[in-house]
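Colleague: Coordinates for the following, if possible.
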Amino acid sequence: MKELLLYRHAKAEKSLPGEGDRARHLAPTGEFQARAMGKMLREASALPDLVLSSDALRAVETATITLRESGCGAPMQSSSTLYDAEPDDYEAELRSIEGGADRIMLVGHNPAMEEFAGRLLKRRVEMKTANLVRFSLDIAGWNSFGPDTDAKLIAMMVPEIPES
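Modeller: Now for the predicted structure:
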């Protein structure tokens, strides 16, 4: 059995003039969301063994803050493939994982994140910023992950944001 954490990046700032979309930082709300998710993962004993993140700054910042807040020392790899990805790209990235990581956190973007979660659940899924969907997968190794993988929903995690 393996576990997959699909995590949409936290709330980001708007692009500044002359900067591309990849260079967007987290907004203060996004930083709060990422810290809150780190606490939630620690409390749920759901810390990843490995983190795969889009190379967009907001995704890397989301993963970094979440890991730091959770106290998790898992290695993180960023990938340009996960930036403008399709669900098939997420699938291929997971199949390429070697080693003994049992719980993987994949940090990415919509619409692919929602589509991939929906594909696994076989129903429509809405993932707002900083939402995480946790799955149990009936596979022995990541190389056997595919469209027919039996995925069971463990939890949909949404960080609470204080009202202003």
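
Colleague: Any buried residues in the top helix by length along the chain, and which?
Modeller: Determined from DSSP state H, the single longest helix within the chain is helix 28-43. Neighbour-count burial for helix 28-43, counted by 16 or more other C-beta atoms under 10 Å, picks out 29, 30, 31, 32, 33, 34, 35, 36, 37, 38, 40, 41. Using the backbone N, CA and C atoms, a C-beta is placed for each residue, glycine as well.

Colleague: need these in CSV with distance to residue 63 and pLDDT, can you?
Modeller: Formatted as CSV, the buried residues of helix 28-43 follow (distance: C-beta to C-beta, whole Å; pLDDT from 0 to 100):
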residue, distance to residue 63, pLDDT
29, 17, 94
30, 12, 96
31, 13, 97
32, 15, 96
33, 12, 97
34, 8, 97
35, 12, 97
36, 14, 97
37, 10, 98
38, 10, 97
40, 14, 97
41, 11, 98
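
Colleague: State the distance from the closest residue to residue 73 other than its chain neighbours to residue 39.
Modeller: Leaving aside its sequence neighbours, residue 73 sits nearest to residue 67 (C-beta to C-beta, 6 or more residues apart in numbering; 7.7 Å). Separation of residue 67 from residue 39 (C-beta to C-beta, to the nearest Å): 12 Å.

Colleague: Between those two, which contacts overlap?
Modeller: Common contact partners of residue 67 and residue 39 (C-beta atoms under 8 Å, 6 or more residues apart in numbering): none.

Colleague: ok, and what's touching stretch 148-159?
Modeller: The contact list for stretch 148-159 (C-beta under 8 Å, 6+ apart) reads 3-4, 32-33, 36-37, 40-41, 44, 46, 120-121, 128, 130-139.

Colleague: And these, which of them are buried?
Modeller: Among the contacts of stretch 148-159, the ones that count as buried by 16+ other C-beta under 10 Å are 3-4, 32-33, 36-37, 40-41, 46, 120, 130-135, 137, 139.

Colleague: about what we covered before: closest to residue 160 among the buried residues of helix 28-43?
Modeller: Here the nearest of those to residue 160, counting by C-beta to C-beta, is residue 36; it sits at 6.4 Å.

Colleague: Hmm, residue 131 and the closest one touching each other?
Modeller: No - the criterion here is C-beta atoms under 8 Å, and residue 36 misses it with residue 131 at 11.5 Å.
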